[in-house]
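Visitor: Give me the fold of what follows.
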Amino acid sequence: MRKSWYTLLLVLSCVTFSNAQGNVEYKAKLKQMFEASGSEKSYKVAIEQMFTMFKQQKTTVPDSIWKQFEGEFLKTSLDDLVEMLEPVYIKSLTQDDLQQLIAFYETPVGKKYASKTPIIMQESMQVGQQWGRKIAMEFQEKLKAKGY
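Guide: Here you go, the predicted structure:
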């Protein structure tokens, strides 16, 4: 009986180690894809925008503190984001899929797209806000027309 338990524990340990190892490799590939795709730069732009907003809200904090915090967050945030996004990506994309995306981003058009992604995202967010306002106004008009 004891031998069966030891065998079961050994098998479970191997499976657990194998899955943990796979996740480490997947996370590394995911981070590489974020870097190749320009997503890393987009995330950095988002962090910089957040810090601009925080600075406006907390005007008594010295610039030296903001620079220190921003530097710390820029260093650690991508790793944190990869950690948080890994379960989302692993449901939809295999490690091979990530490798193929990286290969695309290493092509001339992929590099161009990656370099333009932060600008596209920023401008798209502005357009999205305008679109949201337009829909909200149309919705209010329709409600008003129905007597609400």
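Visitor: Look through this structure and tell me its longest helix.
Guide: helix 108-145 (DSSP state H).
Visitor: Please identify the buried residues of stretch 30-49?
Guide: Across stretch 30-49, burial judged by 16 or more other C-beta atoms under 10 Å covers 30-34, 36-44, 46-47. Backbone N, C-alpha and C define where each C-beta goes, glycine included.
Visitor: can you list the residues that contact it?
Guide: 70, 73-74, 77-79, 81-82, 85-86, 89, 98, 101-102, 105-106, 110, 113-118, 121-122 (C-beta atoms under 8 Å, 6 or more residues apart in numbering).
Visitor: Return the closest of the buried residues of stretch 30-49 with respect to Glu138.
Guide: If you rank the buried residues of stretch 30-49 by distance to Glu138 using C-beta to C-beta, Ala46 comes first, at 29.0 Å.
Visitor: Helix or strand: which one has the closest one?
Guide: Using DSSP states H and E, Ala46 falls within helix 39-57.
Visitor: OK, contacts around the residue nearest to the spatial centre of the chain?
Guide: Nearest residue to the geometric centre of the chain (C-alpha atoms, centre = their mean): Leu81, 5.4 Å. Residues in contact with Leu81 (C-beta under 8 Å, 6+ apart) are 34, 43.
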